[in-house]
Structure formats: C-alpha cells, structure tokens
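S.K.: Quick one, fold the following:
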Amino acid sequence: MFTTTQYPVIELQNGGTVSGEIAALNDILKRTVYRHQGEGGTIVVPGHGYVCDEHEVVEYRDMIVILRDRVQAMVGKGATLAQVKGARLTADYDTRYGSTTGPWTTDMFVEAVFRDLSGRK
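M.R.: Here you go, the predicted structure:
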C-alpha cells in the first residue's frame, strides 16, 4: 500500500517483499500522467496521508529502492541485523517516514527489508 506518512509495511509472513512493493509502485506510475510545470497530472490518493501527484510517488519509490540497495550492500558484506540497524541507513528519510512508536516503526521496516533480502524470514 502506498502511503505518504510512513515506510511501507512489508508483511513477509503473507508473502510480501520489498521487490513487490517497488513493483506495485511502478504499477501505480504506469497508470499516471505527468504534467510538467503545472497542475493537471494524475492525482494519487494514498492508503494513508495526503493526496499527491506522480512526482511524490516517484520520490517514495526511489526512496525504497535506495534503502533496499543500502541494506543489500550490507547483507552482501555479511552484516547482521543489529549492524544494519546500527548503521541507521534510513536516517535521511526518518524525519518524513520514520517512527519509533506505533504499529509500524522504522526498526520494523528495516528488519523486514533485511529478512527479505537475507532470506532469514
């Protein structure tokens, strides 16, 4: 589900993956029309958060791709979950999407991405 308020919920126990989230966002983008330098493009209504346009979906998708790549690089070097969390790979996005409380926290997101990419589900 696309949201403008938090990192995506990746439900590994239900078959969710970070690649699946990226694919879903790409599917949303295939259905939108961009309007350069002005209003009039496709309006996107997220599952939670404010109504936005294609550009914000692109930014959200790109953020997930960047974070996936950061985690994958550490997994590739043999890092543990504790090391990945300690590296604070999400720090530059936490003010917008991060949370330390509630039903879906930044730590939960990082752990889901780590477990998905490392195969430790």
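
S.K.: Now do residue 33, the pLDDT please.
M.R.: With respect to pLDDT, residue 33 has a value of 85.

S.K.: Can you verify my assumption that it contacts residue 44?
M.R.: No. With contacts counted by Cβ atoms under 8 Å, residue 33 stays clear of residue 44, the gap being 11.0 Å. (Glycine included, C-beta is placed from N, CA and C.)

S.K.: any common contacting residues for the two?
M.R.: Residues within reach of residue 33 and of residue 44 at once, by Cβ atoms under 8 Å, 6 or more residues apart in numbering, are residue 54.

S.K.: neighbour-wise, which of these two wins?
M.R.: Higher neighbour count among residue 33 and residue 44: residue 44, with 19 against 9, using other Cβ atoms under 10 Å.

S.K.: Just read off the phi/psi values of that one.
M.R.: Main-chain dihedrals, residue 44, degrees, to the nearest 10: phi -110, psi 130.

S.K.: Residue numbering should commence at 39 henceforth.
M.R.: New numbering, starting at 39: the last item is residue 82.

S.K.: OK, contacts around it?
M.R.: Residue 82 touches 40, 66, 70, 89, 90, 91, 92, 94, 95, counting by Cβ under 8 Å, 6+ apart.
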